[in-house]
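Colleague: Predicted model and sequence follow; I will ask about them next.
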Number of protein chains: 2
Amino acid sequence: MNIEALRSYLHTHIPLAAAMQVEVLQASPEFIALSAPLAPNINHRGTAFGGSIATLATLAGWSLLRVRLDEFKPLPHLVIQRSSINYLRPINDSFTAQVAYPPETDWDEFLLRLHEKGKARLPLSIEVRTGEQLAARMEGVFVALKV
Amino acid sequence: MNIEALRSYLHTHIPLAAAMQVEVLQASPEFIALSAPLAPNINHRGTAFGGSIATLATLAGWSLLRVRLDEFKPLPHLVIQRSSINYLRPINDSFTAQVAYPPETDWDEFLLRLHEKGKARLPLSIEVRTGEQLAARMEGVFVALKV
């Protein structure tokens, strides 16, 4: 699932992603970067709305699992189970959410759990940046459910 | 700030609230209830998107502080500092986010801190329901900053 396929998937299936004008900057099984412009995501103070920031981070984490499992047939249900987010500074411009596959996580073990238990969890740490600055950090737990 | 004023404020200043078609069901200094229909907040599985659920909860918490501080001049900046959310069950219909002012929190002390320190934090617990069922719970910390 490449950049254009992921963008199309998000915009088609999640109207909020379209409303936020989410773009896909990078999409691989190792790394996802999404971006959103300020205008559709602004708040009453003229900075990025917290809901938009958390949503972009959620989409990034979800996308990493989606891309990693792209060849798993049938595609498991992928959902977010819980998340925590810290808002570190106001965002005055477009912003990105980035997530890397955690190298310490054993993917074969994840797939084995998914096969055997029908369910596997992947904790991910997602960074939201504006320019070079870290603006928010989300810790999320994403779940794949065998269908 | 009554129901119509809060609805207008959210839709005017936060485009994502308009895109989500957020409605205000109740608005008082003691209790806020917001709702959102499923269609603009749907995900790839036909249930409510986690980002929309977290955003509605965030708007509810923010609104409680906004309504409580409506007569505080000048109006402080109100922001979310951090939050944690647990997604408990899928949502197949419209959903609400509800938050009550915590009776154990001393409001006079909050106002005193805001006056003296220029900053005061309010932790809030927000419930997201669909019909009668609890579907998600957010713990959020909202901050008022004197301007």
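Modeller: Great, that's in hand.

Colleague: Kindly report the residues of chain A close to chain B.
Modeller: With C-beta under 8 Å from any C-beta of the partner chain as the criterion, chain A meets chain B at residues A:9, A:13-16, A:19-20, A:39-45, A:49-52, A:54-56, A:58-59, A:62, A:77, A:79-87, A:90. No exception for glycine: its C-beta is placed from N, CA and C like everyone else's.

Colleague: so what pLDDT did the nearest residue to A:A60 once chain neighbours are set aside get?
Modeller: In this structure, A:A60 finds its nearest non-sequential neighbour in A:A97, 3.9 Å apart by C-beta to C-beta, 6 or more residues apart in numbering or on different chains. You'll see A:A97 listed with a pLDDT of 98.

Colleague: Test my guess that A:A97 contacts A:L64.
Modeller: No: applying C-beta atoms under 8 Å as the test, A:A97 and A:L64 come out as separate, 10.4 Å apart.

Colleague: any shared contact partners between those two?
Modeller: Shared contacts of A:A97 and A:L64 (C-beta atoms under 8 Å, 6 or more residues apart in numbering or on different chains): A:I32.

Colleague: what about the nearest residue to A:G131 once chain neighbours are set aside, is that helix, strand or coil?
Modeller: Counting by C-beta to C-beta, 6+ apart, A:G131 lies nearest to A:D93, which is 6.6 Å off, once chain neighbours are set aside. Look at A:D93: counting by DSSP: H, G, I helix; E, B strand; the rest coil, its state is coil.

Colleague: Enumerate every residue touching A:D93.
Modeller: Applying C-beta under 8 Å, 6+ apart, the residues contacting A:D93 are A:38, A:130-131.

Colleague: Now do the end-to-end distance for stretch A:37-49.
Modeller: With C-alpha to C-alpha, to the nearest Å as the measure, stretch A:37-49 spans 11 Å from end to end.

Colleague: Let me see the mean pLDDT of that stretch.
Modeller: Rounded mean pLDDT across stretch A:37-49 is 95.

Colleague: quick revisit: from the contacts of A:D93, keep the buried residues only.
Modeller: Burial by neighbour count, judged by 16 or more other C-beta atoms under 10 Å in any protein chain shown, picks out A:38, A:130 from those.

Colleague: would a markdown table of the contacts of A:D93 with secondary structure and distance to A:V143 be doable?
Modeller: Below are the contacts of A:D93 laid out as a markdown table (DSSP: H, G, I helix; E, B strand; the rest coil; distance: C-beta to C-beta, whole Å):
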| residue | secondary structure | distance to A:V143 |
| --- | --- | --- |
| A:L38 | coil | 31 |
| A:T130 | strand | 29 |
| A:G131 | coil | 33 |
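
Colleague: quick one: the residue nearest to A:G131 from chain B, how far?
Modeller: Look at A:D93 and chain B: by C-beta to the nearest C-beta, to the nearest Å, they are 16 Å apart.

Colleague: ok, then the element right after whatever helix or strand A:S52 lives in?
Modeller: In the assignment (DSSP states H and E), A:S52 maps to helix A:50-68. As assigned by DSSP H and E, the chain's next helix or strand after helix A:50-68 is strand A:77-87.

Colleague: partners of that next one, with directions?
Modeller: Strand A:77-87 sits in its sheet next to strand A:133-145 (antiparallel), strand B:77-87 (antiparallel), going by DSSP bridges.

Colleague: Which one of those lies nearest to A:L69?
Modeller: Using C-beta to C-beta as the measure, strand A:133-145 is the one of these that comes nearest A:L69, at 6.3 Å.

Colleague: Just give the closest residue to A:P76, not the sequence neighbours.
Modeller: A:A144 (4.1 Å).

Colleague: close enough to count as contact, the one you found and A:L111?
Modeller: No: under the criterion of C-beta under 8 Å, A:A144 makes no contact with A:L111, lying 9.1 Å away.

Colleague: anything in contact with each of these two?
Modeller: Common neighbours of A:A144 and A:L111 (C-beta under 8 Å, 6+ apart) are A:A120.
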